[in-house]
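Peer 1: A structural model of the following input is requested.
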Amino acid sequence: MPEAGRSSAKRTGDRDDRGDTPVYVVNPLLTALTHIAPLEKLITLLEDIFEAEDSLPAEADQESLPTDFFSPLTTEPSRPQLHPNLVRKLTKLISQLTGPMRRHRSSTVTALVPHVPGPCSIGDVKTSILSRFLRILERSVRAGEDLDPFKADKPPEIRASTSPSKKSKVFKKPDTPLGGDEPQADANVDAAEPPSVTDSDLDHLAHTLEVARDSILAADCCIALLGADRLPKQVYSEELITACLGAVKNQLERIVYPFVESSDTSTLLLHVSKHEKAHRAQIAEVFQVLASVLPRINNLVCADTIAMSDSIIIQGVYIAIGPFFVAEAGASDSKGKKESFVVNTLGQTAMRGLRLEALSLIRSVRSTGSYRRHSHLSELRFADIR
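Peer 2: Just a heads-up that it's a prediction; the model follows:
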């Protein structure tokens, strides 16, 4: 073949130099194959997880759990929870399959890759595999459903005396009448010492924050899977979706929002805010996972695969409006100081980014049939947060 003929032939991925703008020749067969590869990895990994669980002894204990697959935070070794690093890997594989595979899941893909055996998308995976995977993830979700690491432990008079937004009152000693007893200082001044934070309290807090993180990681993975493709109806469990949204709402309201507001109701939270950098790093990790799960909730609400119940929509509403009612600590500082432990922990634009994702979720919720059908959902008054 002449040299000119060889140079004019274009292969997949070759650059087209005929114009000023580079153009690449895209082969749909290669594109489909690149998306099938993550699916094969996902299925293989799930099979390995099932095999590891099936091989556990009848009376399994914590030491018998394979550390590569299962979390050391597992409370019931007979029903082990997945290791957080493994959950992250599974979520990443699912994310790689979410958008592109929807476009390729058609008869065209089958015609393009007839030689590729097995499923071509998550929707083609056996229902039994998906259901078992979701049941395993649900264990971690349930573990963090009702956590409250920063319980209010100070009575109202102590909160008032330690509140950073209020000036402490100075007791003024009145004149003592002749022959009279000296007035005693208010007993609450001496009694207003907050309970001390022990090493045991900090260790328990670290453990609780790890459970909270793993719970949101599992919820994130569940929601990512349910919103990835058109799955069989029996996979969409209302109880599971409710548990995932409940865990997200719980971690926002009991971990992130109190930390951002610098709530003075918890001695432990005040101590962590000022002194415990390691625990603040854990809170930041929880926040990052929560920030990533909101777009997935939005995708699930917008999906046309299944109609969401009113209870799920209501949960989505309260998750969406929550960030708009959080007053950030130091936001109204007259000196204009932006630096604070919240900014140093979560980042300068953390809450702004969370509110943007929440606003997108609000718009999606308002477009659902459940919101339009029921007037009591409209009474939540989204206009108040504009």
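
Peer 1: Isn't K249 up against Y318?
Peer 2: Yes - using C-beta atoms under 8 Å, K249 is in contact with Y318, at 6.2 Å. C-beta here means a position set from N, CA and C on the backbone, and glycine is covered the same way.

Peer 1: For the two, indicate the residue with more neighbours.
Peer 2: Neighbours per residue, other C-beta atoms under 10 Å: of K249 and Y318, the larger number sits with K249, 17 against 13.

Peer 1: before we move on, what SS does A58 have?
Peer 2: coil (DSSP: H, G, I helix; E, B strand; the rest coil).

Peer 1: separation between it and E51?
Peer 2: For A58, the distance to E51 equals 17 Å [C-beta to C-beta, to the nearest Å].

Peer 1: So which of those two has more stuff around it?
Peer 2: Each of A58 and E51 has its neighbours counted (other C-beta under 10 Å); E51 has more, 10 against 5.

Peer 1: what's that one in contact with, if anything?
Peer 2: Counting by C-beta atoms under 8 Å, 6 or more residues apart in numbering, E51 makes contact with nothing.

Peer 1: immediately after the helix or strand encompassing it, which helix or strand?
Peer 2: Using DSSP states H and E, E51 maps to helix 28-54. Using DSSP H and E, the helix or strand that follows helix 28-54 in sequence is helix 84-104.

Peer 1: Make sure D220 is actually in contact with S292.
Peer 2: Yes - contact criterion C-beta under 8 Å: D220 and S292 qualify, at 6.2 Å.

Peer 1: Tell me where the stretch 151-300 of the chain has helices.
Peer 2: 156-162, 187-191, 199-226, 238-251, 257-261, 267-275, 277-302 (DSSP state H, counting those that start in this stretch).

Peer 1: Okay, L356 and I362: tell me how far apart.
Peer 2: Distance of L356 to I362, computed by C-beta to C-beta: 11 Å.

Peer 1: which one of these two has more residues nearby?
Peer 2: Between L356 and I362, counted using other C-beta under 10 Å, the more crowded position is I362 (23 against 13).

Peer 1: In this structure the more buried one contacts I319, no?
Peer 2: No - with contacts counted by C-beta under 8 Å, I362 stays clear of I319, the gap being 9.7 Å.

Peer 1: what comes into contact with the helix or strand encompassing S131?
Peer 2: Assigned by DSSP H and E, S131 belongs to helix 127-143. With contact meaning C-beta under 8 Å, 6+ apart, helix 127-143 is reached by 43, 46, 49-50, 53, 71, 73, 75-76, 79-82, 87, 122, 211, 214-215, 217-219, 221-222, 225, 231-232, 234-235, 237, 240, 243-244, 247.

Peer 1: Can you list the low-confidence ranges for the stretch 251-386 of the chain?
Peer 2: Within the stretch 251-386 of the chain, the segments meeting pLDDT under 70 span 330-339, 368-386.

Peer 1: okay, how far is it across stretch 56-75, tip to tip?
Peer 2: From its first residue to its last, stretch 56-75 covers 15 Å (C-alpha to C-alpha, to the nearest Å).

Peer 1: Go through that stretch and flag the buried ones.
Peer 2: For stretch 56-75, burial by neighbour count (16 or more other C-beta atoms under 10 Å) applies to L56, A60, L65, F69, F70, S71, L73, T74.

Peer 1: Nearest to V326 among these?
Peer 2: For the buried residues of stretch 56-75, the minimum distance to V326 (C-beta to C-beta) is 28.3 Å, reached by L73.

Peer 1: and stretch 258-277, C-alpha only, in CSV?
Peer 2: The C-alpha coordinates for stretch 258-277 follow below in CSV (Å, rounded to 0.1, in the frame of the first residue of the first chain):
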residue,chain,number,x,y,z
PRO,A,258,-24.3,21.1,66.3
PHE,A,259,-20.6,21.3,65.4
VAL,A,260,-21.1,24.1,62.8
GLU,A,261,-23.3,26.1,65.2
SER,A,262,-20.9,25.5,68.1
SER,A,263,-23.8,24.4,70.2
ASP,A,264,-23.2,24.9,73.9
THR,A,265,-25.5,22.1,75.1
SER,A,266,-22.8,19.5,75.1
THR,A,267,-19.6,19.7,77.2
LEU,A,268,-18.0,17.1,75.0
LEU,A,269,-18.7,19.0,71.8
LEU,A,270,-17.3,22.2,73.3
HIS,A,271,-14.2,20.3,74.3
VAL,A,272,-13.7,18.8,70.9
SER,A,273,-14.3,22.1,69.2
LYS,A,274,-11.4,23.7,71.1
HIS,A,275,-8.9,21.0,71.8
GLU,A,276,-9.4,17.7,69.9
LYS,A,277,-8.0,17.9,66.4
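
Peer 1: circling back: so D220 and S292 - more neighbours on which side?
Peer 2: Each of D220 and S292 has its neighbours counted (other C-beta under 10 Å); D220 has more, 27 against 16.
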